[in-house]
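Visitor: next one to model:
(one chain, ligands or ions: 1)
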Amino acid sequence: MNGTLDSGKYKSLICAALEAREKAYAPYSKFKVGAALLTSDENIITGCNVENASYPACNCAERTAIFKAITMDKNSFEAIAIIAGKENQDIKDYTSPCGVCRQVLREFVNPEKFKVIMAKSQDDYKVATLEELLPLSFGPENLA
Ligand code: THU
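Guide: Numbering: from 1, shown residues only. Just a heads-up that it's a prediction; the model follows:
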């Protein structure tokens, strides 16, 4: 896949992220997050946040998706959709990935091309490149 993603692709990704959000394990924050990663070979790999009684051990939805993907031998990605909000409430805001997740994504994507879709619904979302969210980043080529 190269270049632009049409709005149909965005909608399917957001739909997958919404479904994944249902699986979120967030008994502490009650903030449920779903993510859906689009691979270059057009697969969708989802993730949810998984919290822990020892709070620093919580894992974000985005990292769950990317770690799952790597485990499945997928390591080339085009986009990620994220949708989040408090349990039993309407989705109020666009949620952007935390700094740690931005850096984890950075390891595996071209920051100028990779799209981050921050959604409130299938029809209401914002799109940014990883470069916009994590400028002047440090990546694998810096260690070459
Ligand atoms: N969280 C995510 O899963 N992704 C984000 O982009 C922001 C935060 C999770 C971590 C924690 O389980 C809860 O949301 C509250 O921070």
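
Visitor: what's opposite residue 77 in the beta bridge?
Guide: As for beta bridges, residue 77 partners with residue 39 under DSSP bridges.

Visitor: ok, it touching residue 39?
Guide: Yes. With contact defined as CB atoms under 8 Å, residue 77 and residue 39 form a contacting pair (5.7 Å). Placement of C-beta: from N, CA and C, glycine included.

Visitor: shared neighbours, those two?
Guide: Taking CB atoms under 8 Å, 6 or more residues apart in numbering as the criterion, residue 77 and residue 39 both touch residue 69.

Visitor: what residues does this protein have near the ligand?
Guide: 26, 29, 31, 33, 49, 51, 58, 60-62, 82, 95, 97-98, 101 (CB under 6 Å from any ligand atom).

Visitor: give me the low-pLDDT residue ranges for the chain?
Guide: 1-4 (pLDDT under 70).

Visitor: please name every helix or strand in contact with the top helix by length along it.
Guide: The longest helix of the chain (DSSP state H) is helix 7-21. Contact partners of helix 7-21 among helices and strands, from 3 or more CB pairs under 8 Å, 6 or more residues apart in numbering; DSSP states H and E: strand 31-39, strand 44-48, helix 61-71, strand 77-86, strand 115-121, strand 124-129.

Visitor: of residue 77 and residue 39, which one has the most company?
Guide: Each of residue 77 and residue 39 has its neighbours counted (other CB atoms under 10 Å); residue 77 has more, 23 against 17.

Visitor: contact partners for the more buried one?
Guide: The contact partners of residue 77, taken as CB under 8 Å, 6+ apart, are 37-40, 66, 69, 105, 108-109, 114.

Visitor: how about residue 92?
Guide: Neighbour list for residue 92: 85, 120 [criterion: CB under 8 Å, 6+ apart].

Visitor: which one of the contacts of residue 77 is nearest the ligand?
Guide: Set against the ligand, the nearest of those by CB to the nearest ligand atom is residue 105 (11.0 Å).

Visitor: and for the closest one, the neighbour number?
Guide: By the measure other CB under 10 Å, the count of residues near residue 105 is 24.
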